[in-house]
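Q: What would the 3D arrangement of this be:
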Amino acid sequence: MAESYGFNFIDFSQIHSLSSLHPLILRKGNSMHNPIEFISDLKASPDISTDFPFFFYVFKKEKIVASVQTFPDLLFGEKEKYKWAWTADLLTDPNYRGQGAATCVWKNMVKILFEHDVFVGGAFANPITTHICRKMGFTITNTAHRLLFLKSSMAFLSAHVKYKPISSLVDAIYRGSIYVLRRTILRTASLTKSGYEIRKLDYCSFPEYNGFNKLCYGDRYHFDNSKDRIRWKLKSSKNLSFYVILEEARKNPVLYLILKDRIVNNFAGRYSNFRLMTLMDFGFYSEGEKHLKTLLLVLEKLFWESSADVLEIVTSDPDVIRLAYRSGFVKAGRGVEFWFKAPRDRKLSVKCERIENWHFTHFVSDAYSFQ
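A: The predicted structure is shown next:
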C-alpha cells in the first residue's frame, strides 16, 4: 500500500524566501535534496522566468523523501514556440524506495508544470524514471544513436580479457591497423583542401558571429540553441570546447560544434580509465550534404590531434549516422531514450514520436550532469 506524503514546490520567484517558505530543504537531515547549488546555475539561464517551477519535493513529517529538479527551455516546431521543462536528478531516500515516493513527486511535478502550460521532457533516463513515464502516458520515442570510434581498444579489452599481456598485444595490433587505415577511412587531409578554417572560441566570443541565431534545422523540432543559451551551458559546464567552422574565402560560418574531452570511469557500468571525446552538440548555418561531410571531417581531425582514446557521437540525425558508419564508427548499446509529455491543449503531430524528427544531441537536455 502506497504511503501518504506531503508535497510542495519552489518557483523562481521564491528563491530569496526559502527559509520562510520552504524550511524543510534547509534542515540538516535533508541536505540530499537541497537545491541551492542548482539555483546558482539557473540564475544565469536565458530562459528562466519568475513563475517557472524548478524544484519539487514530497515529505513525511520533517523529512524530504523524494525530489526532482527541472530547468527551462524552449521548443520550436510546426511554426510554433512552446515552453519546455527538462527533468533532472530524481532522488529518492533509500528507506522510501518502492513506497510510491518517486511516483508521487513525479505526478505532482507534471500537474504543476501543465498548469503553467509547460511541456515536460527528459533523456538519459534511468529504468525507474522510464517506468514511471510509461505508466503516466509519456511519449517515448525510438532511441538516439550512440556511436563510437576507437583509437585505442585497451579500456574495452581490459573489461573482458583477464590476462593483461593478451589485452596489450591485441590493442597494439588494433592501434597499428587503425593507423595504417587512417588515411583511407579518415580523410582528414581533404578538409584543408576544401577551403575551411577551424576556429576555437570561448563562450564570450559569440557576438563575433551575428549569424549564429540563423541555424538551419529543416522541418525538425529543436530546442533553444541561441547564443545566450549555449553561452550559459558552456559557462556552467566543464571540459567543453566550442568550435566554429568558416569558409576560408569569405569567413562565413558553416557550422559549429561543441566537444567534451575528459577521463572516464565506469562508462556503461564497466569501462574505466580511458580518455573520451564526445560530440556534445552541433548546428549548421545552411543545409547540404557537403556540410555534413565537413562535420565528420572536422571531428576526425580534432580527434586524431587529441590524446583521446575514444570518440563518441549521440545524435538523432539519420544523415550524420549514415556518414559516421562510413567513417568507421560503430553503434554502442541501446542508445539514448528521449521522452516527453504535452499539456492537454498542446498536441504535437504524430511525427513527433520519431526521434529522427528532432534535433537531439548529447547537449540539449542537461547542462549539469556534465560538470
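Q: what residues go with each domain of the chain?
A: As assigned by automatic domain parsing, the chain contains the domains 6-140, 145-335.
Q: can you list the weak-confidence ranges in the chain?
A: Along the chain, segments meeting pLDDT under 70 span 1-3, 124-129, 181-194, 203-213, 219, 288, 366-371.
Q: Which strands and helices lie in contact with the longest strand belonging to it?
A: Ranked by residue count and defined by DSSP state E, the top strand of the chain is strand 63-77. For strand 63-77, the elements it packs on are helix 36-42, strand 53-60, strand 80-92, helix 101-115, strand 118-123, strand 222-223, judged by 3 or more C-beta pairs under 8 Å, 6 or more residues apart in numbering; DSSP states H and E. C-beta coordinates here come from the backbone N, C-alpha and C atoms, glycine included.
Q: now those as TSV including distance to Ser365 and mean neighbour count?
A: Formatted as TSV, the helices and strands packed on strand 63-77 follow (distance: least, C-beta to C-beta, whole Å; neighbours: other C-beta atoms under 10 Å):
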stretch	distance to Ser365	mean neighbour count
helix 36-42	14	15
strand 53-60	15	24
strand 80-92	5	18
helix 101-115	16	20
strand 118-123	4	22
strand 222-223	8	20
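Q: Can I get these in a markdown table including distance to Phe71?
A: A markdown table is the format used below for these (distance: least, C-beta to C-beta, whole Å):
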| stretch | distance to Phe71 |
| --- | --- |
| helix 36-42 | 6 |
| strand 53-60 | 6 |
| strand 80-92 | 5 |
| helix 101-115 | 12 |
| strand 118-123 | 11 |
| strand 222-223 | 12 |
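Q: quick revisit: please name the strands paired to the longest strand of the chain in the sheet, noting orientation.
A: strand 53-60 (antiparallel), strand 80-92 (antiparallel), strand 222-223 (antiparallel) (DSSP bridges).
Q: Does the residue lying farthest from the centre of the chain belong to a helix, a strand or coil?
A: Farthest-out residue of the chain from its mean C-alpha position, per C-alpha atoms, centre = their mean: Pro165, at 37.1 Å. Assigned by DSSP: H, G, I helix; E, B strand; the rest coil, the conformation of Pro165 is helix.
Q: Please enumerate the helices of this protein.
A: 18-21, 36-42, 101-115, 127-135, 154-160, 164-185, 189-193, 227-236, 289-305, 318-326 (DSSP state H).
Q: of all those, which lies closest to Asp345?
A: Of all those, helix 101-115 sits nearest to Asp345, with 9.4 Å by C-beta to C-beta.
Q: what helices or strands is the closest one leaning on?
A: Partner elements for helix 101-115 (3+ C-beta pairs under 8 Å, 6+ apart): strand 6-11, strand 53-60, strand 63-77, strand 80-92, strand 118-123, helix 127-135.
Q: and the angle from that helix to strand 80-92?
A: Interaxial angle of helix 101-115 relative to strand 80-92 (axes from the mean of the first three to the mean of the last three C-alpha atoms, to 10 degrees): 160 degrees.
Q: got the CA coordinates for helix 101-115 in PDB?
A: Extracted C-alpha coordinates of helix 101-115, given in PDB (Å, rounded to 0.1, in the frame of the first residue of the first chain):
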ATOM      1  CA  ALA A 101       7.500   8.500  -3.200                       C
ATOM      2  CA  ALA A 102       9.100   8.900  -6.600                       C
ATOM      3  CA  THR A 103       5.700   8.400  -8.400                       C
ATOM      4  CA  CYS A 104       4.100  11.000  -6.100                       C
ATOM      5  CA  VAL A 105       6.600  13.700  -6.700                       C
ATOM      6  CA  TRP A 106       6.600  13.000 -10.400                       C
ATOM      7  CA  LYS A 107       2.800  13.100 -10.800                       C
ATOM      8  CA  ASN A 108       2.700  16.400  -8.900                       C
ATOM      9  CA  MET A 109       5.600  17.900 -10.900                       C
ATOM     10  CA  VAL A 110       3.700  17.100 -14.100                       C
ATOM     11  CA  LYS A 111       0.500  18.600 -12.800                       C
ATOM     12  CA  ILE A 112       2.100  21.800 -11.700                       C
ATOM     13  CA  LEU A 113       4.100  22.300 -15.000                       C
ATOM     14  CA  PHE A 114       0.900  21.600 -17.000                       C
ATOM     15  CA  GLU A 115      -0.900  24.300 -15.000                       C
END
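Q: Can you list the neighbours in contact with it?
A: When contacts are defined by C-beta atoms under 8 Å, 6 or more residues apart in numbering, helix 101-115 is touched by residues 2-3, 5, 7, 9, 53, 56-58, 65-68, 70, 85, 87, 90, 92-93, 119-120, 128-129, 132, 135-136, 341, 343-344.
Q: same thing but 7 Å
A: 3, 5, 7, 9, 53, 56-58, 65-68, 70, 85, 90, 92, 120, 128, 132, 136, 341, 343-344 (C-beta atoms under 7 Å, 6 or more residues apart in numbering).
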